[in-house]
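Undergrad: Quick one, what's the 3D model for this:
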Amino acid sequence: MATSLLSNYFFVLLFFLVGILFAAGPLIIAALITPKTVGADTLKTYESGMYPVGSAWVQFGVAYYLFALIFLAFDVDVLYLFPVVMAYGKDFVIRDFIEVGLFVGILSLAIIYAWRKGVFDWRIES
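TA: Down below sits the predicted model:
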């Protein structure tokens, strides 16, 4: 039994070391092959192949952030629904249907609330 327990820990340790190698490997390779020059051009801000024009402090409407937060919340909720749908439907079909319907109903109320607050209106105000 002690040998079996040790072999199980060996595989856990091996899996841990391979995970560390996969995480640290690209960083080590990049550190070894990147050029080490530092100059005026390497310290400039550079994004998407173009040098920036103007200030980085540009004000965006709050609707963009609200829309992004709502998207993120619903994206996570949909990811939650996939395993739920796979697990439900085995024994208590009616109860499972009511639970998923209640969950989707609450999500629908959140969409209606955001719609009523005007989050989905994309008016540009000057």
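Undergrad: Gly105 belongs to a helix, doesn't it?
TA: Yes - membership of Gly105 in a helix is supported by DSSP: H, G, I helix; E, B strand; the rest coil.
Undergrad: Would you mind measuring from it to Val93?
TA: Taking C-beta to C-beta, to the nearest Å as the measure, Gly105 falls 18 Å from Val93. The C-beta positions use only the backbone N, C-alpha and C, and glycine is treated the same way.
Undergrad: same deal with Leu79?
TA: Look at Leu79 and Val93: by C-beta to C-beta, they are 23 Å apart.
Undergrad: for Gly54, same thing?
TA: Here the criterion is C-beta to C-beta. By it, Gly54 lies 59 Å from Val93.
Undergrad: Next: Val119.
TA: 36 Å.
Undergrad: so for stretch 111-123, what's the average pLDDT?
TA: The pLDDT scores in stretch 111-123 average 79.
Undergrad: cool, stretch 65-79 as well?
TA: 81.
Undergrad: and if you look at stretch 54-62?
TA: If you average the pLDDT over stretch 54-62, you get 73.
Undergrad: The spatially closest residue to Ile70 that is not a sequence neighbour - how many residues pack around it?
TA: Excluding its sequence neighbours, the residue lying closest to Ile70 (C-beta to C-beta, 6 or more residues apart in numbering) is Ala114, at 5.6 Å. By the criterion of other C-beta atoms under 10 Å, Ala114 has 16 neighbours.
Undergrad: Report the contact partners of Val53.
TA: Under the criterion of C-beta atoms under 8 Å, 6 or more residues apart in numbering, the contact list for Val53 is empty.
Undergrad: before we move on, what SS does it have?
TA: What three-state DSSP gives for Val53 is coil.
Undergrad: so what's Val100 up against?
TA: Counting by C-beta under 8 Å, 6+ apart, Val100 has contacts 81, 84-85, 88.
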